[in-house]
Structure formats: C-alpha cells, structure tokens
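Q: Sequence first, predicted model second:
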There are 2 protein chains.
Amino acid sequence: MRESWANPADGPAGPSAGPAAGSDLHLDLGGPGGLRACLMRALRDAVRTGRLAPGTRLPSSRSLAADLGVARNTVADAYAELVAEGWLTARQGSGTRVAPRAEPAAPTDPSGARPAAQRRSPRPSAPARTPPRVLHDLRSGRPDVSAFPRAAWLTSARRALTAAPSAALGYDDPRGRPELRRALAGYLSRARGVRADPERIVVCAGFVRGLALLGEVLGTTVAVESYGLWIHRDLLARAGARTVPLPVDGRGADVSALYGAGARAALLTPAHQYPTGVPLHHDRRTAVVDWARATGAVVLEDDYDGEFRYDRRPVGVLQDLDPERVVYLGTTSKSLVPGLRLGWMVVPEALLGPVLAVRRETAETCGVLDQLTLADFLDSGAYDRHVRAMRLRYRRRRDQLVAALAEHAPAVRVTGIAAGLHAVLELPPGAEEPVLEAARRAGVALEGLARFRHPAAAPAPGPGRDALVVGYGTPPEHGFSPAVEALCAVLRGALGRPVRG
Amino acid sequence: MRESWANPADGPAGPSAGPAAGSDLHLDLGGPGGLRACLMRALRDAVRTGRLAPGTRLPSSRSLAADLGVARNTVADAYAELVAEGWLTARQGSGTRVAPRAEPAAPTDPSGARPAAQRRSPRPSAPARTPPRVLHDLRSGRPDVSAFPRAAWLTSARRALTAAPSAALGYDDPRGRPELRRALAGYLSRARGVRADPERIVVCAGFVRGLALLGEVLGTTVAVESYGLWIHRDLLARAGARTVPLPVDGRGADVSALYGAGARAALLTPAHQYPTGVPLHHDRRTAVVDWARATGAVVLEDDYDGEFRYDRRPVGVLQDLDPERVVYLGTTSKSLVPGLRLGWMVVPEALLGPVLAVRRETAETCGVLDQLTLADFLDSGAYDRHVRAMRLRYRRRRDQLVAALAEHAPAVRVTGIAAGLHAVLELPPGAEEPVLEAARRAGVALEGLARFRHPAAAPAPGPGRDALVVGYGTPPEHGFSPAVEALCAVLRGALGRPVRG
C-alpha cells in the first residue's frame, strides 16, 4: 500500500485523508476552518516537520484530490496559496514542489484565518503553534458522513422539486411542509410505533431547534438525565428552562426521582440512554408516563438513534403509551447526516398551539427543498434501504471493536452496545483522565464520560465512574480499522499490556 | 378560452389555478393547509354553491393536475377523500362525478384539518363556514415563486453534492459553509459593492434568523424605520431589543432623529425603503454612518431587494462606507424563493465574536446541502442569469401596473417604483380602509400602509397617509393581468369611476 515516492515520515492516515493510493502523502484534515484551510495546515505541518523535504514534488492537484476525496479546486487553491506564502514553488513542467528554503520568517495568524483574496502578496509564515492534530475521530454523536447516499438523495431531490407545486416554495406553514409531515407520519408509525398525526408534526431545523422551542414554551424546570449532552442542558437554560439532574443507573433514568424534583417536564433518551447506552427499563417507562399524568407534566422523548438496534427487537417508543403526555422528537442527524438539519416533533394537542404561536412570532421555518426531498426519500423506501445498510455496517463495526478490545484491552468493560453508534468503555478507577491525555497526544479524538455529567449531579453509583464514550459510527470505512488500532494502542499504553494466558 | 363542458358559474381563476385549458373548472387554491386540502376546499365550495351540479363529471385526475400544474397524486388523493366524504362518486367507466345529494349532514372541522389516514370511513360534511377566498395575491414581500429556476437549481445541486467532501456533511461551522461564504463574497462585492470577507460572513436561515441573532447580541434599543415589516419589530422585541421609530419621509429615514433616540443600533432599508419605496438620500447615508461612528452604534442594512433596480444605476450599499459600523444583511427570499431559507450577514470585526458565540451556544446552523448548491449556483453564473431575467419580468409588470392604474384609477398616485417588487398606491384621505374591505370581498389580498406603521409612530407627514402596498411580483405570470384587472375593479368601485376627458 505504501509506494515510496518521497521521503515522508510514516504517519497514520487521518480520518478524512484515506489511504493515499499512489502517493505516500498522509494528511490529517481535522481542525477548524474550511477544508482548504485544513489541507494547507496539514501541508505546512508536513514541510515544517521535515516529512516533506525541500524540493519534493507533490502530487498533481487532480490526483491528490482524488486520493483525499475532495474537490480538485480545494487542492489547487491550497497549492496556490502556499506558493504565495512561500512554502511551495510551482513551475510549468516541473509541477508543484516544496520550496528550497522551508523555514519562512514572519509570524502567521495562529488561527489560520486569511484575509480577503486580494491580499495574496507572498507573506512567508513562521512555524505557528500547531493545534493538536486529530488523526482518528472517535467522538460519539455523529454517523459516518462518508456513507451519505448522495445519488439516491439527488434522485429524490429531482423528483420532489419537479413535482412540487409552486405554492410549496413560498413562506412555509409553521409546522413545515405537509408532504414531509405525511411521509413522516407514515414512516414513524410503521418503523417506530409512534402515534403520528401529520397535523401534529412540527418540522425543526434539527433536534436542537425543537428542543429550544420546547424550552421556551415550557419555560419551567426540566429534569434531564444526569448523563447527557451538555449542549442540550445549555440550550434549555438559554431558553429559560432550569435543568435538574435525574440519576441514571443500569435501568436507565431513575424516574422515581421525578416526584419532588419540581419539574414540569423530563427530557429522556428511553430507547438508548445517551451516553450510557442503557434502555429505559419497562417498569420505568410506564412509571414516567404515570408521573406525567399525575402531575400534568410532559415527557420529551429524544429518539436520536432509534433505528439502530442490533441484538433484539427494536424498543417501541414511549410516546405510544400516551401521545398527550409525551413529545416525540426525532432527527436525521444520525440516520443521514448532521448537515441536513432536519428533525421533527410529534406534539401533544395541548402544546401544539403554544408551539405554533412561537414559530409564527419568530417566523422560523426549515428550508422547503430539503423537506420535499426527504418526503420523497421516505416515501420511495430509499430511507429504509439506507438505514438497513447502515445498521449492518455499524453492527459489524461494533463487533470488530468489541473483539479488538477483548484482545488488546481486557481490563476495559464494554457496555451499551445493543444499539446505536457508540459504546461505553468502563475503565479502572482513575484511568479516565490519563487515557484521554494519552489519546490527545496520539491524535485520537475521544470523549470521557465525565464531560456528560450534569454539573449538579453526583457521580453515578454502580457502573464505573471512569469511562470513555466511543463513537464507532464516526470514522469513514477505510479509517475505522486504523482508528480501532490507535484506540487499542492508547489503552495498552495507558492501562498496561494485557497478560497473555 | 371557455369551452362549456359543465354548467359552472363564472368566476375568475385563482392565483394557483391558471387558465383551465379544455376544462372550465376554475378553482382558487389560496388558503392554509397543503395543496390537497386547498383543492378539496375549492371543490366542496364549487359543489356547495352549485357551480358544479350533481351528476357533473369532473376532469380526470391526470388532466386536472396538468391544468393546475400540480402533481397527479394531489388531485387523485383529493378526489378519493371527497368520495369518502360523500361529495363525489367514483365508478369504473363512469369517472368521478358530483354526488347526487350534495348537501351532506354532519358538521366538519372548520379548520379543514383531517385526522390520520386510518380514519377514512365516509363522514359526510355539512357546509362549513367558508373562509374568505383569495383569488388574487397582491401582498408585497414575496417574489413570483412559480419562476424559481428548478432545472438550473437541480443542476447546481447535483454538481455541488457530487463534488462536496464528506466533511462538509457533518456539523457545520457556525459561520456556514466556506464554499458559500467564498461565493457570496465574490458575488456581493461584484454585484452590490459590499466589502465582503468570507471569514466575516455568517449564513443564516433567512433574514429573520440573522436579525434575531443580532437582536440578542445587541440587546439594546434599536431604532427602526417608522414604516416597516411588523415581523421584524416583534422579532427584535422577543430577542430583548426595544424598538423606537425613526420618521420616514421623501428622502428615506430621518437619521438626524437618531441623536437622542438612545439607540445603539438602527435597522434600515437604504436601497429601497420598505414599504414606502424611497431610497435613502445620499446625505443621509453619510449622516447615519457618522452617527454610528460618533456614538459607537451599528447600522443594520437590510438589502432585501437590492438586485431589482429599474430606472437608474443600482444604489451601492451603505456598508461600503464603513464595514466596521454597518452589518450588511441579504437574502434569497426575493431573488429566489422564500422557502429556501438562506440569508447572510457580513459582520463587523467587533461583532463577529459575540455573534459566533451565540451560534455555538445554540448550535444553530443552516442545512449544508442548500448552502453548497447556492455556492455553485452563484459561482456558475446561474444566479446572475436568473436575476437578470426576473428584473426584466418585474419591470414589465411594473409598467403594466402603472399604465392600468393611470387609465382606471387616476385618483391613485403610484410611488416607490424605481426598484423592487412592490409599489405604493397613495389614496385619497380616508380611502384605505374602504378599499381594503372592498378588496377582501373581491378576493384580492392586499396590504394597507397603516399595517406597517410602528405603534409608537405618528402617521407620516407629506406622502398620503392612506395608501396601499401592492406586490406586483407576487402573482404567477398567467395570473398577473387578472390580478391587475381585479385591483382596478376594486379601486374603481371604491373610489368611483374616472371622468373621461
């Protein structure tokens, strides 16, 4: 796989780089800014560290673009700017090469931000403080974006936009396009058992906009699972809703603690607790609905990865127990891609009026083109086909991860893997911070469980307090095995090599 | 044009119906709900009023769909539901006909909302309270959505999505896709003279989200033009910013009134005051920037229809006078379609940090697919071509409107027509309300100037206090002449016939 055409130091392929067929140029493309900025940072880095020696000829923009899976212009622009900056030279017939003197003098803006294109005069940059490199992204909460079914999506887009009445292109109904609400109602009732009336569905620009909307409408104390995404806690607080933590144990959120918590709403992830991975125990499902009925509260059901269940029958939704007491929220961020920004809520009758009133006041709706496309994508069965294929892919990855950890890091206990796109790796006491630090140094992006804990919550009893949350869905296919290897190497190094029996 | 195949009462074609070639079935499709709901309402209405007599055979779903420019399924579904409701009958070989007994008994939900599809059991409906019918939509603030260049947009979508790196499909940069920001920077500087650095552009889900974001960041008193869109005033108030009115006269907003208004920001429409249509006088442009510099305030420049200027050279943007004191806001809602939900801000350096901080906390970004498509649409010149074509179309309409009013309603003075998609029709004193009422009865959707006035503002001196704001951009091509005729009929009726000299 590694044909030697230059004299780079070895380095693992970054998550977006892929194996560079025919070129041994491994680049990591993590970090902030556009892809061009990342590529430029990576090339400067390679030159600065000597991985690319002065005079080395770089691949043509066409072939490097093909290797990296990026647009040719991206590479061409990056090359051109680095020539302007003095890192590279370009001569007709001689291609693009590393400049003879690779240590330019003046400091560069450490953020890497470049002023407008007219200031292209050569401006050599001194070695900047290198931000930590991400070579393997194993953070949770995101799918394999390289698997987005582009051709199928474009087919739906063409069909949907061709058939759409002109009226669909104007200012939208605050609930969103009826075509999408009908398609969602059909899909959700069939695939998740949701009681879905199109007239009670509200399309949101992602789960976060739905949650913010509910936070504003409820404007009260919301109980949240003591382990959960910090973004959601912060969102609710911004929207005027105080959050109180609910303990989470081996049976999910301890809903008995809701009594006396003073909450008028509870935000739960019943199918697959995020991030601990535990499904909400059956008794607690009925108990939380009883609580809502008894107190006039509502449950917010975040069904973020409900389609991805591997080992047994899918867990039906909580909302089915009482659609008038449960708001069902779903998203395409995990089943398709986060960049699509399409989610939905199925809203109890009593909340629908207030929710729509806020939407009318803010005039906030979602782009209709993607709504219409998603409706077609759902109706045509393309969504089902994609989810089925991804379920297989993620299950294989889960199995591969589990096997690798069993071999290389037997001190780690893997949990929460009956479903979803992430696993919890329980560590020996005190190991979370050292492992995270080792991972950072090795370029492996990881999250520890501590980060998910509600600031007001005591660490959970029972399951290990020290743990990692590993998103095995995140890397592209070609990057998954390297990521698992890197993770195992980090764990071996931090926890000690296993004793081979 | 009218072949008699049935015995309907005459009625003008609705804005979305179009001339029904080969069938004399005129239907108005305005009103809330999806297109199917509108079609069903229109058919029930036609049966109830006797326009369609019992036993009348309706056009096949295929041909009615072709006539109306809607999807065949829409018509087929509407027919099927009306058969279930008892209004129509369907018999093989006999087609779909109006049912023999057209006066069903039980009340229907006046909103027209239907429960989930499983409740399809025949449920005859009594004549409901008929909501006012909109036959001609002449409200301002919207373009001709039937002109959206669907094929060109799909071409860009295919190109953009095919070329996009996978990383573009993940959680977006809070500023939005760099591809779009670069394309916007190029377009805005070329077409509007904006000083546009891609790193200072923030893509928003429409102007309203940008304004809400600024309102939250500024969180202070914002001066707004005393005539303006009420949605914006309400949005700012929600975001924590009090609004105070600035008088508007023949030279635009009276910016001298900013001193002492206690405002730290001013929201203006300098190129084409909305709705009065006056450009901000040159002296006032420099004066408002002077005010911002002297007081440390910012000007928010709403360039909502800057591309559409007819009679003279386009007015350059205010932002060019001082990019550090002016936030430039633009949108695709008028140049493309409101349903796209893509707008942008070019933000002064000092505000960029706070704006991005809010975006990070709310995790609010726009769908990346449309962003990437718009970038390609801009870069390929398709946007320019479309705007050019629409400029011609809207200018022709403006000229037609002006000529028709000169002939049929010479008591009306037309202003604000050097640019944009709307005109102000000044009326004799006291005429605004009677004209609006006559328009409502005639099914012509119109806005009066009074609705735009800030609640705390005294009516403006100078230009007539009584006026209409007429959106000549709104109707589809085939519906424009009928709309103008209807408007003239309303004016003739309310203001009296002109004396022919």
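A: Perfect, I can see it now.

Q: can you map out the helices along the stretch 101-250 of chain A?
A: With DSSP state H, counting those that start in this stretch as the definition, the stretch 101-250 of chain A shows helices at residue ranges A:150-163, A:178-192, A:207-218, A:230-238.

Q: now chain A
A: A:35-48, A:61-68, A:72-85, A:150-163, A:178-192, A:207-218, A:230-238, A:282-295, A:349-362, A:368-379, A:382-408, A:432-441, A:477-495 (DSSP state H).

Q: Could you list the low-pLDDT ranges of the stretch 101-250 of chain A?
A: A:101-132 (pLDDT under 70).

Q: Tell me which residue in it sits closest to chain B.
A: Relative to chain B, the nearest point of the stretch 101-250 of chain A is A:P178 (3.3 Å; C-beta to the nearest C-beta). To be clear about C-beta, it is placed using only N, CA and C from the backbone, and glycine gets the same treatment.

Q: how many other residues sit next to that residue?
A: For A:P178, the count of nearby residues is 21 (other C-beta atoms under 10 Å in any protein chain shown).

Q: tell me which parts of the stretch 251-400 of chain A are close to chain B?
A: Contact residues (C-beta under 8 Å from any C-beta of the partner chain) of the stretch 251-400 of chain A with chain B: A:337-342, A:361-370.

Q: Just the buried residues of stretch A:235-252, please?
A: For stretch A:235-252, burial by neighbour count (16 or more other C-beta atoms under 10 Å in any protein chain shown) applies to A:235-236, A:239, A:241, A:243-249, A:251-252.

Q: Off-centre distance for it?
A: From the chain centre to the centre of stretch A:235-252 is a distance of 21 Å (C-alpha atoms, centre = their mean, to the nearest Å).

Q: Please export the alpha-carbon coordinates of that stretch; CSV is fine.
A: Below are the C-alpha coordinates for stretch A:235-252, written out as CSV (Å, rounded to 0.1, in the frame of the first residue of the first chain):
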residue,chain,number,x,y,z
LEU,A,235,-29.9,25.2,25.3
LEU,A,236,-32.6,24.7,27.8
ALA,A,237,-31.1,27.1,30.2
ARG,A,238,-30.8,29.7,27.4
ALA,A,239,-34.5,29.2,26.6
GLY,A,240,-35.5,30.0,30.1
ALA,A,241,-35.8,26.4,31.5
ARG,A,242,-33.8,25.4,34.5
THR,A,243,-32.5,21.8,34.5
VAL,A,244,-32.3,19.4,37.4
PRO,A,245,-30.4,16.0,37.1
LEU,A,246,-32.1,12.6,37.3
PRO,A,247,-29.9,9.8,38.4
VAL,A,248,-29.0,7.2,35.7
ASP,A,249,-28.3,3.5,36.6
GLY,A,250,-28.4,0.1,35.0
ARG,A,251,-32.1,0.5,34.2
GLY,A,252,-31.9,4.0,32.7
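
Q: where does stretch A:438-445 sit relative to the chain's centre, distance-wise?
A: 18 Å.

Q: what does stretch A:45-57 give?
A: Chain-centre distance of stretch A:45-57: 33 Å, with C-alpha atoms, centre = their mean.

Q: ok, now stretch A:357-365?
A: 27 Å.

Q: What ranges in chain A fall below the confidence cut-off?
A: In chain A (pLDDT under 70), the answer is A:1-34, A:49-51, A:66-67, A:84-86, A:91-94, A:101-132, A:459-464, A:497-501.

Q: mind giving me the domain ranges of it?
A: Using automatic domain parsing, the domains assigned to chain A come out as A:3-112, A:136-142+A:385-495, A:163-382.

Q: can I get the ones you listed in CSV with distance to B:V435?
A: Converted to CSV, the domains of chain A look like this (distance: least, C-beta to C-beta, whole Å):
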stretch, distance to B:V435
domain A:3-112, 53
domain A:136-142+A:385-495, 55
domain A:163-382, 25
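
Q: winner for burial among these?
A: Mean neighbour count (mean count of other C-beta atoms under 10 Å in any protein chain shown) peaks for domain A:163-382 among these, with a mean of 21.

Q: What is the end-to-end distance of it?
A: Domain A:163-382 has an end-to-end distance of 18 Å (C-alpha to C-alpha, to the nearest Å).

Q: and the residue nearest to A:A456 when sequence neighbours are not counted, bridged to which residues?
A: Nearest non-adjacent residue to A:A456, counting by C-beta to C-beta, 6 or more residues apart in numbering or on different chains: A:P245, 5.5 Å away. Listed by DSSP bridges, the beta-bridge partners for A:P245 are A:V224.

Q: quick revisit: quick one, which of the helices of chain A is nearest to B:G170?
A: Nearest to B:G170, of all the helices of chain A, is helix A:35-48, at 11.3 Å by C-beta to C-beta.
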